[in-house]
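>>> I would like to see how this sequence folds:
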Amino acid sequence: MTRGEPHPEGKVLIIGGGIANFTNVAATFGGIIDALKNYKEGLQRHKVKIFVRRGGPNYQEGLKKMRLIGETIGIEIQVFGPDTHISSIVPMALGITKPMSNGVDSAPNGISAAHKAPNGTSVTSPPSSATFAATVVPESREEHGVVSFAQGAPAQRPWFRPFDETTRGLVYGLQPRAIQGMLDFDFACGRKIPSVAAMIYPFGGHHVQKFYWGTKETLLPVYATIAEAVKKHPEADTLVNFSSSRSVYQSTLDALEIPQIKSIALIAEGVPERHAREILHLAEKKKVIIIGPATVGGIKPGCFRIGNTGGMMDNIIASKLYRPGSVAYVSKSGGMSNELNNILSLTTNGTYEGIAIGGDRYPGTTFIDHMLRYEADPNCKMLVLLGEVGGVEEYRVIEAVKSGQIKKPIVAWAIGTCAKMFTTEVQFGHAGSMANSDLETADAKNKAMRAAGFVVPDTFEDLPAALKKVYTGLVQDGTIKPSPERDPPNIPVDYKWAQELGMVRKPAAFISTISDERGAELLYAGMSITDVFKEDIGVGGVISLLWFKRRLPAYACKFLEMCLQLTADHGPAVSGAMTTVITTRAGKDLVSSLVAGLLTIGDRFGGALDGAAREFSRAKDTGLTPREFVDSMRRANKLIPGIGHKIKSKANPDMRVELVKDFAKKNFPSVEMLDYALAVEDVTSSKKDTLILNVDGCIAVCFCDLLRNSGAFSREEADEYMQIGTLNALFVLGRSIGFIGHHIDQKRLKQGLYRAEQSDIFIEMGNTGISDRVVVRPS
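Have a look, this model is predicted:
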């Protein structure tokens, strides 16, 4: 739009879209708004006018944002909601028709206050503040806030009416969002029991899932097989199959073998055509209605909703799908279902039934199958056929009209008349939407339907007017007797959706500040995982991010890794390793064996780091000399943590300690705490050669020097990290490496259950005998 030289008449940008099912429309405009800001000068220079049409969840807020950005950047932006026909903005933008006045109000519940019909008449939507409650019936009972329903009896329905207010179905696959939408629809319609009887999930059946029934909760069972589900629920005669394209074939064949199932909706896209044809022929043989594949499903207002048909509840209520109308439609496109429901609510008394047969080349049922059902249903007064380019199914309906099988008025249109503008054949989205002959073009179909007596408008934009004209005629001759509008239900807003719209707020139960996986890339304390590897920060760098929430100097990261290496293991004889070995030999798993070893870490084994850091830093900070510190600990009858070793001595030093000392003295800015600890060692070792600074104590005092003198921490932060167990964490993490090694070693060696030698245990029972026992008798 901003390339080349400006056109003298300016340019037009059309941002179109149908009524979304679940997409937050306001969120989808975010990128467009950013682009408009970035290309502000170019858009102004080229005199670009923008026309926007959109509907769906939170569309008012989205259109409001688009209108405001136009005012901000000085670009003409006209916005239109679902009260404007989906393609009307095209002739408006091209100047063929005059733009309609269209005010977009932002309502908190996402429902506009009124719709405007194309002829200008106002059709007021039911007030959003009205309340509605499902009728309390004997079939339901409430216990502890959970509503349960009695099992219904199998219903007998005429062939032309597969769905009514008593229809109960099974849902194949765990689809909690779709099922909750079906239950909300049921509650809105005033159904006595939910339309979903149970779910089928082969990979995890035999449990229950919780859903809402209005403001209360109810439980739905989950079974592993279709056979089990129909046995437990003999009233369920409909299957909504959410299986993937890989598994939908077999699951549908299984369902077709059960006489109880009378209708099946196949939602999956990409079903192989061979499988679709086999399902089609078997369903005809079994006299089962197949809707799909590659469909959103269908809806029977006031009765039954297949899956996600109709979108969110605000669209259900705006399109008045909570009660039946008089007009039934059939289309290929599920995406056009919302548009048809919206148009019918604006121009007629609403939808009686709507089916999207799916856009695949071999649908389970076709236009004629449903049109014949509608013709036979006395409650359906008017038919709508929305065809498209490709295929010849519309001609079967034409023949039925010519032969007198269908007598009810039909308003029809075949989408795709623009195909003639292309030099080659174009496939319009669906697998079957491509004309392979002149007979399959949209123009030929519209001409044939008009010749057969269908009401066919001149353009798709004229469809609402055609519907209004036919409907008005049926009302005038008494065929349709409009019923008074009842108050719509007040369905509670889903909390997650309300939170996304900013309508509610909830305090977080947990706070985390070290990592974040929500974006495009995992972050460690704000550093992307890509940068972690690109900069090669190593394990020490990762510890610095996740433990200390900052990048430490290279020598500090190296010191952390050095501590892990030095503390990784100290042989199988120490208490932690031995406990891990014994637990492993008892047949326990890795985690159990590791945890058993870790639970031995404490003041007596490996847990002296925190204590050593605390005591040495306290002594130095209070100005005690090494001798005074040793004397004070002796007077308190306390051992000095970090001092003493079972084997090593001044003459036989622990090389681990030597490595730590050398590294710290060469790399740390200051080792004042280490020097103090070594002075204490001189005092203690003069009494006994093994009272040396051990590896725990050496790591602890060096870590104190690191925290206090690296420049990465304030003194308060350094003291806090010493108090909250960070130093012991180094030992726990490092020694876990060794414990895991011992577990793997024992498993590899296939060592059996360990039992201690009797000689290792001294048992002393004393000289107690029966006569020595004290017997406490009841009073």
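
>>> what residues are up against T225?
Shown in contact with T225 (C-beta atoms under 8 Å, 6 or more residues apart in numbering): I200, P202, G205, D254. For every residue, glycine as well, the C-beta is placed using N, CA and C.

>>> and the most centrally placed residue in the chain, backbone torsions?
Here the mean C-alpha position of the chain is nearest to the C-alpha of R177 (C-alpha atoms, centre = their mean), at a distance of 9.3 Å. Dihedral pair for R177: phi -70, psi -40, per degrees, to the nearest 10.

>>> One more: L598?
Per degrees, to the nearest 10, the backbone of L598 is at phi -60, psi -30.

>>> Not counting sequence-adjacent ones, nearest residue to it?
V732 (6.4 Å; C-beta to C-beta, 6 or more residues apart in numbering).

>>> So what's the residue count around that neighbour?
18 (other C-beta atoms under 10 Å).

>>> Next: A376.
A376 has 15 nearby residues by other C-beta under 10 Å.

>>> so who does the nearest residue to G17 once chain neighbours are set aside touch?
Distance criterion C-beta to C-beta, 6+ apart; nearest residue to G17, sequence neighbours excluded, is R54 at 4.5 Å. Going by C-beta under 8 Å, 6+ apart, R54 touches I15, G16, G17, A20, V25, G62, L63, G81.

>>> what does T218 give?
Contacts of T218 by C-beta under 8 Å, 6+ apart are V146, V147, S148, F149, L183, P194, K210, F211, Y212.

>>> repeat that with 6 Å
Residues in contact with T218, defined by C-beta atoms under 6 Å, 6 or more residues apart in numbering, are V147, F211.

>>> and it, that's in a strand?
Yes - remark: T218 belongs to a strand, assigned using DSSP: H, G, I helix; E, B strand; the rest coil.

>>> Bridged to it, which residues?
V147, F211 (DSSP bridges).

>>> rewinding a little: I511: which of the contacts of T225 is nearest?
Each of those was checked against I511 using C-beta to C-beta; the closest is G205, at 37.6 Å.

>>> now the stretch 351-500 of the chain, which segments are flagged as low pLDDT?
419, 423-436 (pLDDT under 70).

>>> ok, now with 80
419-437, 488-489 (pLDDT under 80).

>>> So which residues of it form strands?
For the stretch 351-500 of the chain, the strands defined by DSSP state E, counting those that start in this stretch occupy 351-356, 382-388, 410-415.

>>> got those strands as TSV, with mean neighbour count columns?
TSV is the format used below for the strands of the stretch 351-500 of the chain (neighbours: other C-beta atoms under 10 Å):
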stretch	mean neighbour count
strand 351-356	28
strand 382-388	25
strand 410-415	25
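
>>> I'd assumed L36 was in a helix, is it?
Yes - judged by three-state DSSP, L36 forms part of a helix.

>>> ok, so what distance separates it from I511?
37 Å (C-beta to C-beta, to the nearest Å).

>>> Who has more neighbours out of those two?
L36 (21 against 5).

>>> The more buried one and I77, how far apart?
For L36, the distance to I77 - C-beta to C-beta - is 8 Å.

>>> pLDDT weak spots in the chain?
Using pLDDT under 80, the chain drops low at 22, 97-145, 150-153, 419-437, 488-489, 603, 606-607, 765-775, 779.

>>> which residue sits closest to L340 in space, ignoring its chain neighbours?
Nearest to L340 is Y329, by C-beta to C-beta, 6+ apart, at 5.2 Å.

>>> now R708
R708 sits nearest to A718 (C-beta to C-beta, 6+ apart), 5.0 Å away.

>>> With E681 instead?
L693 (4.4 Å).

>>> my guess is the one you found meets A677, correct?
Yes - counting by C-beta atoms under 6 Å, L693 does reach A677; the two are 5.5 Å apart.

>>> where's A556 relative to K49, distance?
Distance from A556 to K49, by C-beta to C-beta: 60 Å.

>>> ok, those two, which is more surrounded?
When A556 and K49 are compared for neighbours, A556 comes out ahead with 22 against 17, by other C-beta under 10 Å.

>>> give me the element the more buried one is part of.
helix 554-567 (DSSP states H and E).

>>> now swap in Y329 and tell me
Here Y329 is assigned to strand 327-331, by DSSP H and E.

>>> could you list every residue that touches P641?
P641 sits in contact with A608, G611, A612, E615, where contact means C-beta under 6 Å, 6+ apart.

>>> Can you give me the distance of the spatially closest residue to the second one that is not a sequence neighbour to D237?
Read it as G611. Nearest in space to G611, with sequence neighbours left out and distances taken as C-beta to C-beta, 6+ apart, is P641 at 3.5 Å. Computed as C-beta to C-beta, the P641 to D237 distance reads 74 Å.

>>> ditto for P484
For P484 relative to D237 (C-beta to C-beta), the value is 32 Å.

>>> same check, this time on S345
For S345, the distance to D237 - C-beta to C-beta - is 29 Å.

>>> Then N652?
85 Å.

>>> Neighbour count: the two, which is higher?
Neighbour totals were compared for N652 and D237, and D237 leads with 24 against 12 (other C-beta under 10 Å).

>>> Output the contacting helices and strands for the helix or strand hosting the more buried one.
Secondary structure assignment for D237, by DSSP H and E: strand 236-241. Packing contacts for strand 236-241, counted by 3 or more C-beta pairs under 6 Å, 6 or more residues apart in numbering; DSSP states H and E, involve strand 168-172, strand 263-266.

>>> make it 10 Å
strand 168-172, helix 176-189, strand 196-200, helix 226-232, helix 248-256, strand 263-266, strand 289-291, strand 304-305 (3 or more C-beta pairs under 10 Å, 6 or more residues apart in numbering; DSSP states H and E).

>>> in its sheet, what does that strand sit against?
In its sheet, and by DSSP bridges, strand 236-241 pairs with strand 168-172 (parallel), strand 263-266 (parallel).

>>> Please produce JSON lines containing these, extended by distance to I96 and mean neighbour count.
Putting these into JSON lines (distance: least, C-beta to C-beta, whole Å; neighbours: other C-beta atoms under 10 Å) gives the following:
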{"stretch": "strand 168-172", "distance to I96": "46", "mean neighbour count": "26"}
{"stretch": "strand 263-266", "distance to I96": "40", "mean neighbour count": "26"}
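
>>> D745 is nearest to which of those?
Once the strands paired with strand 236-241 are compared by C-beta to C-beta, strand 168-172 is nearest, at 48.2 Å.

>>> distance between the closest one and the chain's centre?
Strand 168-172 has its C-alpha centroid displaced from the chain centroid by 22 Å (C-alpha atoms, centre = their mean, to the nearest Å).

>>> next one: stretch 187-195
Using C-alpha atoms, centre = their mean, the offset of stretch 187-195 from its chain centre is 26 Å.

>>> now swap in stretch 612-621 and tell me
Worked out by C-alpha atoms, centre = their mean, stretch 612-621 lies 51 Å from the chain centre.
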